[in-house]
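> structure for this input, please:
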Amino acid sequence: MNLDELLKEYSELELRLADPAVHADQHQARTLGRRYSQLTPIVATYRELGSARDDLTAARELAGEDEAFAAEAAEIEERIPQLEERLKHLLIPRDPNDDKDIIMEIKAGEGGEESALFAGDLLRMYLRYAERLGWKTEVIDSQPSDLGGYKDVTVGIRAKGDEGVWSRLKYEGGVHRVQRVPVTESQGRIHTSAAGVLVYPEAEEVDVHIDPNDLRIDVYRSSGPGGQSVNTTDSAVRITHLPTGTVVSCQNEKSQLQNKESALRILRARLLAIAQEQADAAAQAERKSQVRTVDRSERVRTYNFPENRISDHRVGFKAYNLDQVLGGELNAVTQALIDAEMAEKLAQHS
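Predicted structure coming up:
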């Protein structure tokens with residue numbers, strides 16, 4: 001879409017959002033409002049650039065009569081390239097999922113109980129990061145380990161403002177490696193283990209249609225650490241999407257209905273990711289960069305406790321404040337990944 005089309009779309013959005021009838025449908029109003037917010041910086045920068053060019057023309061015409069106008073013209077000449085560069089950045093195509101909320105799965109991998117404890121550390125890191133940004137979090141399903149970690153945990157993260165969670169946390173998908181002395185290690189030796197993170201943009205019902213006839217739903221008793229039964233009724237739910245073979249299980253809630261709703265929520269997110277992979281080669285490449293096998297060698301990031309160091313291997317980011325990062329201070333890491341993606345897109349569109 002070129003600039004003229006974006007300006008036309010912005011004007012149409014202004015008219016639609018001024019219509020009270022639009023706000024009767026909250027989903028439609030939210031969708032239009034988010035798009036309007038996305039376009040506002042583009043339109044504002046375009047208008048500022050237009051005004052600067054007009055001011056430059058006027059200042060140059062008057063420069064011969066007054067030196068003050070000559071100085072003003074020089075200032076405007078410096079500002080115009082900056083505005084042009086900002087507009088160029090804003091016009092780079094956005095990830096269509098950037099304003100979406102996410103569902104994140106964290107899975108223990110190689111390393112046994114230590115890996116499960118690390119999965120718990122990662123979960124707390126993301127929950128604290130979300131809390132710092134005022135996002136809402138919800139543990140949808142979990143399989144705790146005997147020592148208080150997680151074999152598998154699924155969490156939903158939702159934003160309150162216009163910036164979607166996906167725009168900042170989509171880069172977290174992949175194998176995360178930890179190097180430290182496990183609590184189970186009696187000799188004080190440093191071990192390496194790993195946990196896998198999968199991130200999906202959360203799909204709304206309008207994004208993905210699921211035919212009930214395509215589902216096989218099984219119910220069973222939920223279990224706790226060590227496999228012991230924690231529920232005397234068949235409240236846990238396993239849903240199999242027959243066309244794709246996708247299987248989702250939920251047992252966190254006491255109600256079978258609640259577990260079914262949670263499982264369908266996760267299933268929609270997974271099916272949306274599958275559909276986008278098939279439709280978009282770029283998205284397919286991105287998904288491939290996430291976890292294929294939770295193997296220590298296939299890592300995106302390393303958390304080294306003895307050196308208090310965090311390293312993101314995709315962009316060469318390195319910092320020695322691991323304790324703070326695990327406490328939720330993830331902004332520097334995520335911004336390095338955002339900047340790298342922006343630089344790559346600029347190179348493609350230059």
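> and the nearest residue to A63 once chain neighbours are set aside, what helix or strand is that in?
Leaving out its chain neighbours, the residue that sits closest to A63 by CB to CB, 6 or more residues apart in numbering is A70, at 4.0 Å. Glycine gets a C-beta too; all of them are placed from N, C-alpha and C. For A70, the host element (DSSP states H and E) is helix 67-90.
> what does H176 give?
strand 174-180.
> do E9 as well
helix 3-17.
> for the most centrally placed residue in the chain, what are its contacts?
Here the mean C-alpha position of the chain is nearest to the C-alpha of W166 (CA atoms, centre = their mean), at a distance of 2.4 Å. When contacts are counted by CB atoms under 8 Å, 6 or more residues apart in numbering, W166 touches D95, N97, D98, D99, K100, D101, I102, V199, P201.
> related to what we said a few turns ago, show me what the helix holding A70 is packed against.
helix 26-62, helix 331-349 (3 or more CB pairs under 8 Å, 6 or more residues apart in numbering; DSSP states H and E).
> so which of these comes closest to Y10?
Closest approach to Y10 among the helices and strands packed on helix 67-90 (CB to CB): helix 26-62, 4.6 Å.
> quick check: mean pLDDT of the closest one?
Per-residue pLDDT over helix 26-62 has a mean of 90.
> hang on, S262 packs against S249?
No. In terms of CB atoms under 8 Å, S262 does not count as a neighbour of S249; the distance is 9.9 Å.
> if we can go back for a sec, so which of the contacts of W166 are in strands?
In this view, the contacts of W166 that belong to strands under DSSP state E are I102, V199, P201.
> and of those residues, the nearest to I157?
Nearest to I157 among the ones in strands among the contacts of W166, with distances taken as CB to CB, is I102, at 5.3 Å.
> do I have it right that the closest one meets T154?
No. If you go by CB under 8 Å, I102 and T154 don't touch, sitting 10.8 Å apart.
> give me the phi and psi for P243.
phi -60, psi -30 (degrees, to the nearest 10).
> okay, now it: neighbour count?
10 (other CB atoms under 10 Å).
> contacts only, for it.
P243 sits in contact with D214, where contact means CB under 8 Å, 6+ apart.
> all helices for the stretch 101-250 of the chain, in order.
112-132, 166-169 (DSSP state H, counting those that start in this stretch).
> to R314, which of the ones you listed lies closest?
Relative to R314, the nearest member of the helices of the stretch 101-250 of the chain by CB to CB is helix 166-169, separated by 14.6 Å.
> need the CA coordinates for the closest one. PDB is fine.
The C-alpha trace of helix 166-169 is given here as PDB (Å, rounded to 0.1, in the frame of the first residue of the first chain):
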ATOM      1  CA  TRP A 166       3.400  -9.900  19.900                       C
ATOM      2  CA  SER A 167       5.400  -6.900  18.700                       C
ATOM      3  CA  ARG A 168       7.800  -7.300  21.600                       C
ATOM      4  CA  LEU A 169       7.700 -11.000  22.500                       C
END
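> looking at this structure, which helix or strand is least sure?
Of all helical and strand segments in the chain, the minimum by mean pLDDT, DSSP states H and E falls on helix 281-288, at a mean of 54.
> what's the next secondary structure element after that one?
Immediately after helix 281-288, counting by DSSP H and E, sits strand 299-304.
> how far does the one helix or strand R268 maps to sit from its chain's centre?
Assigned by DSSP H and E, R268 belongs to helix 256-279. Its chain's C-alpha centre lies 16 Å from the corresponding centre of helix 256-279 when counted by CA atoms, centre = their mean, to the nearest Å.
> show me what it is in contact with.
Here helix 256-279 makes contact (CB under 8 Å, 6+ apart) with 97, 102-103, 140-141, 154, 156, 200-205, 207-208, 210, 217, 219, 233-239, 241, 244, 246, 248-253, 283-284, 287.
> which parts of it are buried?
For helix 256-279, the neighbour count (16 or more other CB atoms under 10 Å) marks 256, 259-260, 262-274, 276-277 as buried.
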